[in-house]
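Participant: sequence and computational prediction follow.
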Protein chains: 2
Amino acid sequence: MIISCTKEEMLSKINIVLKAVASKTTMPIIECILITADNEGVRLTANNLELAIETSDMKNDVVIMEKGISALEAKMFLEIIRNLPDNNILIQTDDKNVTTIKSGKSEFKILSLPGEDFPKLPDVEKNIKYETKATVFKNMIKQTNFAVAIEETKPILTGELIEIKEDCLNIVAIDGFRVAFRKTDLINDNENISVVVPSKALIEISRILPDKSEEIISMYFTDNHALFEAEDFTVVSRLLEGEFFKYEQSFINEYTTAVEVSRQEFLNSVERATLISRDSKKNPVELSIEKEKIVITSNTEMGASYEEVLVDAEGDDLKIGFNPRYLIDALKAIDDEKINVKFMSPLSPCIIESVGEGNYKYLILPLRLKN
Amino acid sequence: MIISCTKEEMLSKINIVLKAVASKTTMPIIECILITADNEGVRLTANNLELAIETSDMKNDVVIMEKGISALEAKMFLEIIRNLPDNNILIQTDDKNVTTIKSGKSEFKILSLPGEDFPKLPDVEKNIKYETKATVFKNMIKQTNFAVAIEETKPILTGELIEIKEDCLNIVAIDGFRVAFRKTDLINDNENISVVVPSKALIEISRILPDKSEEIISMYFTDNHALFEAEDFTVVSRLLEGEFFKYEQSFINEYTTAVEVSRQEFLNSVERATLISRDSKKNPVELSIEKEKIVITSNTEMGASYEEVLVDAEGDDLKIGFNPRYLIDALKAIDDEKINVKFMSPLSPCIIESVGEGNYKYLILPLRLKN
């Protein structure tokens, strides 16, 4: 393989695939980035066997002098390319897998691995295409991802539910203490589907999706895999097996107390209440909801805090405790200035939702207050 | 103690003293910041017994309603102040050492420690005053500090030599493999002195000294302590005991090979040569000095690199090996575009100095090349 290209474009392609490179494995080949130079062009692939990312073909100033494939240890490849002195670079792999990288008066010779040994991308037949706006999809992931379970006691909850239903795309994360729900419209109507994609794959997609508002992301699903396609890349992830929690039944629409509150003021107050606590699980914040305000208090071995936030409340007065971390995560994930928070009782979850018609709902279980 | 002040100024004062707060000790009092409100004003002190920092008095909108002292756990104090909702804050410590911090509709009550238990600053008599420009002093520390010994086998080398000689201030760091030397003029002439100040204290001074070019730093020394005084703070550090290495005899002015080279090009090339090496101690870079260029090569188990840098050389051709890390540190610490590098033999140190009259010298021991 002999190709010449620009440092700039090669670097941006490496950054797209980088997070699908395995680290600390016993299989050196999956710690590599594969360069493919064929009739279609030059592109990079990384595949840690859970998640595979392939870039689109390079567009600018790329010349293939000899077709071929070559697998290069990812970290060293990145560092070499990043530090090359000149924007024009030449990469050549000989039949003994020695790769030479040249630029200006710099030359590196490194041992590469045979490209043939690099694991192929899983086959995903492109039968039914689901499409939505890339920026919306990117944000939906960020706005739900924090509620994914970290511990692997229930592996299915380490993923997010992607649900296509009634021409809407829903993304849902649940960790047993809270539910994060976001929805958006699909561009095309299509049949319903419900799959669970590992959180890591979605985080990567959200990271590499550009902020271009006109861009579309396409999705295809098989029984075992999801394929996401955007302008610059293709991502293939395996799916998680098992049944996802029936989240809809948690979002009941009854309440005895409801408040309309400034999201930012509520967030700041709860954040301050955590300052005198080392462990948010053990030290709930107490919300005391009155007619015109929420009083937020916290009492720990380190001291006490007191906060007031003005609200529009309806229904009964209520005292309820929460892990402040969970309130903070949800409040940070919302863009609206004003939000509604609904309560049933001190031992029932609260639901945070938009004041008008909205595309999000967050549910948080309370903590039992002492005395 | 009852004081009111602005969040902004309190935060900037906390940030000045913060690094002199002890962490993970068995003495809770030195994990605190002391607030003093007396006839002179309101100021903060931190003292980890090696290094003490005291701020100057607060200047803006500060009111003392009741004099007193109070010691507050530093991290929590910082976090509370940083997150307060309003710029006007009130701090009150009662006779049971409960401290109340109020701002807007937020109120915190935390347990403080008795200010009387806080360790006093070491007494440093201000007999002889040495003065130099604060920005110059700040930079001299940054430009030498990397060459301080990290391991404590020779404790004296974990400090930097501050030497006043012939109306100049010299700062020198040595770790056994290299010497970093910087000098500047003193504002006043004064008697010679030579002390070794712990590197950590100097790093802190360099961090908190502002970039205001007109500011002066004053220094006072006793047998055991150094006191540094600037507009915003006083720092007292203990001195290290023992005799510092006689660095001057290393900087001999003989050479058999000398090159004038672009610092940035040389630096970039050496940095690239380290990319195929995981351990810079085991993998020297080889400099091959010829009439018009330095060829920089590196050979490791990971591959090989080749670089050329154009130079003006005089004297004999020479091949010599270095730990690339040491070259990089020195080259990064210099601002000049062009530098001189002088060599005696493959087993003698090289000396990096300015092309004309200069205020710096860096010495680096070579590594023996294989074969």
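Facilitator: That came through fine. Residues are numbered from 1 along each chain as shown, chains lettered A, B, ... in the order given.

Participant: Provide the strand pairings for the longest strand along chain A, with the direction of each partner.
Facilitator: Longest strand in chain A by number of residues (criterion: DSSP state E): strand A:303-315. Strands that pair with strand A:303-315, judged by DSSP bridges, come out as strand A:257-262 (antiparallel), strand A:293-300 (antiparallel), strand B:106-111 (antiparallel).

Participant: I'd like these as CSV, with mean neighbour count, mean pLDDT and distance to B:Tyr326 appended.
Facilitator: All C-beta atoms are positioned from the backbone trio N, CA, C, and that covers glycine. Supplementary listing: the strands paired with strand A:303-315 in CSV, determined by neighbours: other C-beta atoms under 10 Å in any protein chain shown; pLDDT from 0 to 100; distance: least, C-beta to C-beta, whole Å:
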stretch, mean neighbour count, mean pLDDT, distance to B:Tyr326
strand A:257-262, 19, 97, 56
strand A:293-300, 20, 95, 49
strand B:106-111, 20, 96, 48
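
Participant: give me the residue from the stretch 1-150 of chain A nearest chain B.
Facilitator: As assessed by C-beta to the nearest C-beta, chain B sits closest to A:Ile110 within the stretch 1-150 of chain A, at 3.5 Å.

Participant: what sits against that residue?
Facilitator: Taking C-beta atoms under 8 Å, 6 or more residues apart in numbering or on different chains as the criterion, A:Ile110 is in contact with A:72-73, A:76, A:80, A:98-99, A:101, B:276, B:302-304.

Participant: so which of those are in helices?
Facilitator: Secondary structure from DSSP state H places A:76, A:80 of those in helices.

Participant: which of the contacts of A:Ile110 are buried?
Facilitator: Neighbour-count burial within the contacts of A:Ile110 applies to A:72-73, A:76, A:80, A:99, A:101, B:276, B:302-304; the criterion is 16 or more other C-beta atoms under 10 Å in any protein chain shown.

Participant: in TSV: the residues you listed, plus distance to A:Val295.
Facilitator: Formatted as TSV, the buried ones among the contacts of A:Ile110 follow (distance: C-beta to C-beta, whole Å):
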residue	distance to A:Val295
A:Leu72	60
A:Glu73	58
A:Met76	57
A:Ile80	59
A:Thr99	66
A:Ile101	64
B:Ile276	62
B:Met302	62
B:Gly303	65
B:Ala304	69
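
Participant: and the residues you listed, which is closest to A:Ser199?
Facilitator: A:Glu73 (27.1 Å; C-beta to C-beta).

Participant: make sure A:Leu240 is indeed in a helix.
Facilitator: No - under DSSP: H, G, I helix; E, B strand; the rest coil, A:Leu240 falls outside any helix and is assigned coil.

Participant: kindly tell me how buried A:Leu347 is, as a neighbour count.
Facilitator: Number of residues near A:Leu347 (other C-beta atoms under 10 Å in any protein chain shown) recorded here: 12.

Participant: thought it was touching A:Arg368?
Facilitator: Yes - counting by C-beta atoms under 8 Å, A:Leu347 does reach A:Arg368; the two are 7.0 Å apart.

Participant: including distance to B:Asp312, could the strands paired with strand A:303-315 go into JSON lines?
Facilitator: As requested, the strands paired with strand A:303-315 are arranged in JSON lines below (distance: least, C-beta to C-beta, whole Å):
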{"stretch": "strand A:257-262", "distance to B:Asp312": "67"}
{"stretch": "strand A:293-300", "distance to B:Asp312": "68"}
{"stretch": "strand B:106-111", "distance to B:Asp312": "65"}
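
Participant: quick check on A:Lys291: phi, psi?
Facilitator: Main-chain torsions, A:Lys291, degrees, to the nearest 10: phi -60, psi -50.

Participant: in contact with the residue lying closest to it once chain neighbours are set aside, which residues?
Facilitator: Closest residue in space to A:Lys291, ignoring its immediate chain neighbours: A:Ala313 at 5.6 Å, by C-beta to C-beta, 6 or more residues apart in numbering or on different chains. Counting by C-beta under 8 Å, 6+ apart, A:Ala313 makes contact with A:257-259, A:289-292, A:294.

Participant: the same query, at a cut-off of 10 Å, please.
Facilitator: A:257-261, A:289-294, A:341, A:343 (C-beta atoms under 10 Å, 6 or more residues apart in numbering or on different chains).

Participant: distance to A:Gln143 added to these, as CSV?
Facilitator: Formatted as CSV, these follow (distance: C-beta to C-beta, whole Å):
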residue, distance to A:Gln143
A:Thr257, 25
A:Ala258, 22
A:Val259, 21
A:Glu260, 20
A:Val261, 19
A:Ile289, 25
A:Glu290, 30
A:Lys291, 31
A:Glu292, 30
A:Lys293, 28
A:Ile294, 23
A:Val341, 17
A:Phe343, 22
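
Participant: what's the overlap in contacts for A:Leu347 and A:Arg368?
Facilitator: Shared contacts of A:Leu347 and A:Arg368, counting by C-beta under 10 Å, 6+ apart, come down to A:320-321.

Participant: pretty sure A:Leu267 sits against A:Ile334.
Facilitator: Yes - using C-beta atoms under 10 Å as the test, A:Leu267 is close enough to A:Ile334 to be in contact (9.0 Å).

Participant: you'd agree A:Ile171 is up against A:Lys183?
Facilitator: Yes - using C-beta under 10 Å, A:Ile171 is in contact with A:Lys183, at 7.7 Å.

Participant: now A:Asp317: closest residue in space, sequence neighbours ignored.
Facilitator: Among residues not flanking A:Asp317 along the chain, A:Glu290 sits closest, at 5.6 Å (C-beta to C-beta, 6+ apart).

Participant: OK, contacts around the one you found?
Facilitator: Contacts of A:Glu290 (C-beta under 10 Å, 6+ apart): A:259, A:308, A:311, A:313, A:317-319.

Participant: when you filter those down to buried only, what's left?
Facilitator: Neighbour-count burial (16+ other C-beta under 10 Å) applied to those gives A:259, A:308, A:311, A:313, A:318.

Participant: just the helices in chain A please.
Facilitator: For chain A, the helices defined by DSSP H occupy A:7-17, A:74-83, A:134-142, A:199-208, A:263-273, A:324-332.

Participant: right, and the ones you listed - which one's nearest A:Pro155?
Facilitator: helix A:199-208 (11.0 Å).

Participant: which strands or helices does the closest one pack on?
Facilitator: Here helix A:199-208 touches helix A:7-17, strand A:51-55, helix A:134-142, strand A:159-165, strand A:168-174, strand A:225-229, strand A:233-238, going by 3 or more C-beta pairs under 10 Å, 6 or more residues apart in numbering or on different chains; DSSP states H and E.

Participant: how about it, which residues are buried there?
Facilitator: Across helix A:199-208, burial judged by 16+ other C-beta under 10 Å covers A:199-206, A:208.

Participant: same check on stretch A:79-88?
Facilitator: The neighbour-count check on stretch A:79-88 (16+ other C-beta under 10 Å) flags A:80-81, A:83-84 as buried.
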